[in-house]
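>>> Fold the following for me, if possible:
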Amino acid sequence: MIVRSADSGVPAAVGVAGAGYTYLGLPLSDWVSIFTIVYLFVHAVAIAPRALETIRKVVAHFKNKN
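Okay, the predicted model is just below:
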């Protein structure tokens, strides 16, 4: 998208947000959302085994305490 400046006749600079940058038909904000969801999913999968093991240890500790 080229915008002409009113007084000089040369193309005015248009920022990425103003131009509505798209890649494969998706705007940049959608790509950021997709990346964030994938990032959180990967970290949840990576952390889940350790978190479950910790929960099992805590539950076992309280069961054996009684």
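
>>> which secondary structure elements does whichever strand or helix holds Val59 contact?
Val59 is part of helix 28-65, with elements assigned from DSSP states H and E. The contact analysis (3 or more C-beta pairs under 8 Å, 6 or more residues apart in numbering; DSSP states H and E) places helix 28-65 against no helix or strand. (C-beta placed from N, C-alpha, C; glycine too.)

>>> how about a cut-off of 10 Å?
Here helix 28-65 touches helix 16-19, strand 22-23, strand 26-27, going by 3 or more C-beta pairs under 10 Å, 6 or more residues apart in numbering; DSSP states H and E.

>>> mean pLDDT for these: which is lowest?
Among the helices and strands packed on helix 28-65, helix 16-19 carries the lowest mean pLDDT, a mean of 50.

>>> Please name the residues that touch Ser33.
Taking C-beta atoms under 10 Å, 6 or more residues apart in numbering, we find Ser33 in contact with Leu26, Pro27.

>>> Pull up the gap between Pro49 and Arg56, please.
Distance, Pro49 to Arg56, using C-beta to C-beta, to the nearest Å: 11 Å.

>>> That should have said Phe41, apologies.
23 Å.

>>> Could you do Trp31 as well?
The gap separating Trp31 from Arg56 is 38 Å, by C-beta to C-beta.

>>> The two - which one has more neighbours?
Ranked by neighbour count (other C-beta atoms under 10 Å), Trp31 and Arg56 place Trp31 first, with 14 against 10.

>>> and the nearest residue to that one once chain neighbours are set aside, how many residues sit next to it?
What sits nearest to Trp31 in space, not counting adjacent residues and going by C-beta to C-beta, 6 or more residues apart in numbering, is Tyr23, at 6.7 Å. For Tyr23, the count of nearby residues is 9 (other C-beta under 10 Å).

>>> Quick check, Tyr23 in contact with Asp30.
Yes. The pair Tyr23 / Asp30 is scored as a contact, 9.5 Å apart, by C-beta atoms under 10 Å.
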